[in-house]
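Peer 1: Pasting the sequence and the predicted model now:
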Amino acid sequence: MADSDTPDHLPGLLPDAVHRSVHPGTALLRLETTHAREGILDGAWWPRSRDIGAELPSLLSALTEHLGPVTRVGLDGSAWDELPTRVMVDDRVVHVDSFPVGDDTVLITRGDRDHFSLMLVPPGTSPDAARAAMARAVRADNVTEARQILIETGSDTPPTPA
């Protein structure tokens, strides 16, 4: 079997494991590490701000690296400062759609029927709450919706000042 024919490289499947250190300015993203994709969520994203123009390119670059080219992103327009209709990422146009999906979910489209659902951790979430929420979201057996995970981990409320 050629290296490109291994399950990690088949379309529609997520890699079994990706472990890299986070560099400043990169997207904080966790993807479910199973081929089955049986959970409600396929991953979680923790942006640093509500400036989608600054946050979306790094998310899409990271997703493209692991999933292949992304064609569309669905976001709740009311959750962001400004929502463009398209962005350029790695010399490709990615269309941005505004859906009333709630500010706790991002919908990613890779092909006609290949959709990924990411939990959106609010930008001001404390690191401990964000890590807990993201870990729950990517569990293969997760049947809890994003909103409930954020509530249960305390990620839906801003951190208290020290």
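Peer 2: Great, that's in hand.

Peer 1: residues near the closest residue to D156 other than its chain neighbours, how many?
Peer 2: In space, not counting the residues next to it along the chain, D156 is nearest to L150; the distance is 4.1 Å by CB to CB, 6 or more residues apart in numbering. C-beta here means a position set from N, CA and C on the backbone, and glycine is covered the same way. By the other CB atoms under 10 Å criterion, the neighbourhood of L150 contains 26 residues.

Peer 1: mind checking the SS state of L150?
Peer 2: Recorded secondary structure, L150: helix (DSSP: H, G, I helix; E, B strand; the rest coil).

Peer 1: Model confidence score at I108, please.
Peer 2: On pLDDT, I108 comes in at 90.

Peer 1: er, L10 I mean
Peer 2: At L10, the predicted lDDT confidence score is 38.

Peer 1: Helices of the chain, residue ranges please.
Peer 2: For the chain, the helices defined by DSSP state H cover 52-67, 127-137, 146-152.

Peer 1: Reformat the ones you listed as a markdown table; add distance to W46.
Peer 2: Written out in a markdown table, the entries for the helices of the chain read as follows (distance: least, CB to CB, whole Å):
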| stretch | distance to W46 |
| --- | --- |
| helix 52-67 | 10 |
| helix 127-137 | 5 |
| helix 146-152 | 11 |
